[in-house]
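In: Need coordinates for the following:
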Amino acid sequence: MSPIFVALDTQDVHRAAAIARDVSGVASGVKLGLEFFYANGEEGVLRLSEHETPVFLDLKLHDIPNTVEKAVRALAHLQPAILTVHAAGGRAMMAAAKAAAPPQTKVVGVTVLTSLDDADLASVGVHGIAARQVERLADLAREAGLDGIVCSGAETAAVRALWPEGFLVVPGVRPAAAEVGDQKRVVTPAQAVSDGASVLVIGRPITAAANPRRAIMDIAASLEQTPAQARI
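Out: The predicted model follows:
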């Protein structure tokens, strides 16, 4: 099984289910984000879970601790393999999320979105380089008791060195020949795994391919000679 979670960024539950079937047995699971969840709700999540496909709920919860705790409890019956909260919500919020999650759910803190660079951070009042902000939020997430964080491949090696046991989710991963799209801090799948990624999140290079199964198999094959890291 590869460390890849396929990002199903679509409102179409039928298309999402078809791709989930296509990548079954190769992907570790599928990632469902805000677009899918707002369009299909928990029924859509359950539809994708029918065939025991692990689901990564990427909802990036961010609110006061009490509200986030209740939100996580409301989602608990969906039994997500991974659930995201915003690390910028603070230590208390992250601790509340972890406490409310099912034991088998890995709760990870989103640090700096892969669509942002240093200039974008400065524009919202976060000064300094993105890598330093990621490390700062990784420390906070660990103190809060989270399982790990979401960070770009550009910061993975540094965070792995600081948090050897952390569960590192790396989005913005693109095969060498793929278009970058709206991502700014990207790496190849092999580089991300070599640097210590636990899970790779890959969407369009697989879902937009003429043959999604062939696309993910090609990416998985490129990882076979990469030193193994933590897995879900």
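In: Near the nearest residue to Gln79 once chain neighbours are set aside, how many other residues are there?
Out: In space, and not counting its chain neighbours, Gln79 is closest to Pro102: 6.0 Å by C-beta to C-beta, 6 or more residues apart in numbering. Where C-beta positions appear, they are placed from N, C-alpha and C, glycine not excepted. By other C-beta atoms under 10 Å, 15 other residues sit near Pro102.
In: Hmm, Pro102 is touching Leu78, no?
Out: No. Contact criterion C-beta atoms under 8 Å: Pro102 and Leu78 do not qualify, at 9.0 Å.
In: And the lengthiest strand in the chain, what does it pack against?
Out: Assignment by DSSP state E gives strand 55-61 as the longest strand of the chain. When contacts are defined as 3 or more C-beta pairs under 8 Å, 6 or more residues apart in numbering; DSSP states H and E, strand 55-61 packs onto strand 29-32, helix 34-49, helix 65-75, strand 82-86, strand 199-202.
In: what residue is smack in the middle of the protein?
Out: Residue closest to the average C-alpha location in the chain (C-alpha atoms, centre = their mean): Val169, at 4.8 Å.
In: And the pLDDT for that one?
Out: Val169 is assigned 97 on the pLDDT scale.
In: and if you look at Arg174?
Out: Predicted confidence (pLDDT) for Arg174: 78.
In: My guess is it contacts Gly203. True?
Out: No. Arg174 is beyond contact range of Gly203, at 9.8 Å (criterion: C-beta under 8 Å).
In: Tell me who's in contact with Leu200.
Out: 2-5, 170, 173, 189, 192-193 (C-beta atoms under 8 Å, 6 or more residues apart in numbering).
In: residue ranges of the strands in the chain, please?
Out: Listed in chain order, the strands of the chain (DSSP E) span 4-7, 29-32, 55-61, 82-86, 106-110, 148-150, 167-170, 199-202.
In: want to try CSV for those, with distance to Ala215 as columns?
Out: Formatted as CSV, these follow (distance: least, C-beta to C-beta, whole Å):
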stretch, distance to Ala215
strand 4-7, 10
strand 29-32, 14
strand 55-61, 19
strand 82-86, 22
strand 106-110, 25
strand 148-150, 23
strand 167-170, 18
strand 199-202, 9
